[in-house]
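>>> compute the structure for the input listed below.
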Amino acid sequence: MDSLAAVKATVQALEAIGVDYMLVGALSVNAYAVSRSTKDADFVIRPQSGQVGAIMRHLGADFHLDPQLQLETLTNSMRNVVTHLPTDFQIELFRLNVNDEHHQERFRRRRRQYLKAIDCEAWIPLAEDVVIQKVRWQRRKDLDDVVNVLSISASVLDWKYLQQWTKKHGTFATLQGLIKEVPNLPMPVEFSST
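Numbering: from 1, shown residues only. Now for the predicted structure:
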C-alpha cells in the first residue's frame with residue numbers, strides 16, 4: 001500500500017465507522033487546480049466518543065496513532081496524527097473547531113466528489129473555502145496553492161463570499177495580491193482597491 005492508498009483506506013475507514021469528515025489540504029486543492037504531490041494528508045473530522053479508536057481498529061496494524069492530541073495554533077484546532085508505517089506517510093485528523101466560524105461554515109458547505117488521485121469519492125471543501133483557509137495559513141506553499149486554484153477555477157468562484165471571509169480574517173489584501181500573480185486574470189471589481 002502506497003501513501004495515496006493509505007489516504008483511500010482512511011476515507012473508507014471514516015465512512016465505515018460513520019465519522020463526519022472532510023479531506024482538506026493538497027488533495028482538496030487538486031480537485032480545483034493543477035495537481036501537486038503532498039507529504040501528508042489532512043482531514044477535518046467530527047468524531048463521536050470512541051470513534052477515533054474504531055478508526056484505528058479499522059485501519060489495522062500498518063497505521064499508528066500518536067496518542068497525544070496536538071494543537072494547531074493558527075485556528076486553535078486539535079489534531080491526531082496517524083502514521084502509515086510502511087511509507088512513514090502522515091495523516092492528520094483535525095477535530096472540527098466549534099469555536100471557529102469559518103471552520104463550521106466550510107464543513108457545512110462541503111461536497112462529495114470523486115478524486116482521481118485516491119480513486120474514490122470523498123467529502124471535500126468547496127473551492128472558495130480552500131482559498132480562504134489557504135490564505136489564512138499564509139505559508140508560501142499555501143499561497144502558491146491559492147494562485148493555482150485561481151488560475152484554474154476563477155471563473156466559477158463566488159467572489160463575494162471570498163471577499164466576506166477574507167475581510168473578516170484580515171487577509172483580503174493578501175488575496176488581492178495573489179490575484180495579481182495570476183496571468184490574464186482580470187481582477188474582480190470588488191478586489192480592485194483596498
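
>>> C-terminal to the worst-scoring helix or strand of the chain on mean pLDDT, what's the next element?
When the helices and strands of the chain are compared on mean pLDDT, DSSP states H and E, strand 70-72 comes out lowest with a mean of 77. Next along the chain after strand 70-72, taking DSSP states H and E as the criterion, comes strand 77-84.

>>> what does the least confident helix or strand of the chain rub up against?
Ser77, Met78, Arg79, Asn80, Val81, Phe94 (C-beta atoms under 8 Å, 6 or more residues apart in numbering). Any C-beta I mention is one placed from the backbone N, CA and C, and that applies to glycine too.

>>> could you do stretch 172-180 as well?
131, 135, 138, 143, 146-147, 150, 162-163, 166, 185, 187-188, 191, 194.

>>> how confident was the prediction at the spatially most central residue of the chain?
The geometric centre of the chain, computed from its C-alpha atoms, lies nearest to Val24 (C-alpha atoms, centre = their mean), at 1.8 Å. Val24 is assigned 95 on the pLDDT scale.

>>> ok, for it, nearest residue in space, not its chain neighbours?
Asp42 (4.7 Å; C-beta to C-beta, 6 or more residues apart in numbering).

>>> in what helix or strand does that neighbour lie?
Element membership for Asp42, per DSSP H and E: strand 40-46.

>>> what packs against that strand?
Contact here means 3 or more C-beta pairs under 8 Å, 6 or more residues apart in numbering; DSSP states H and E; on that basis strand 40-46 packs against helix 3-17, strand 20-24, helix 26-29, strand 89-95, helix 101-109.

>>> report the backbone C-alpha coordinates of it in CSV.
C-alpha atoms of strand 40-46 as CSV (Å, rounded to 0.1, in the frame of the first residue of the first chain):
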residue,chain,number,x,y,z
ASP,A,40,0.8,14.2,4.2
ALA,A,41,-3.0,14.2,4.1
ASP,A,42,-5.2,16.4,6.2
PHE,A,43,-8.8,15.6,7.3
VAL,A,44,-11.2,17.6,9.4
ILE,A,45,-13.4,15.2,11.4
ARG,A,46,-16.3,15.4,13.8
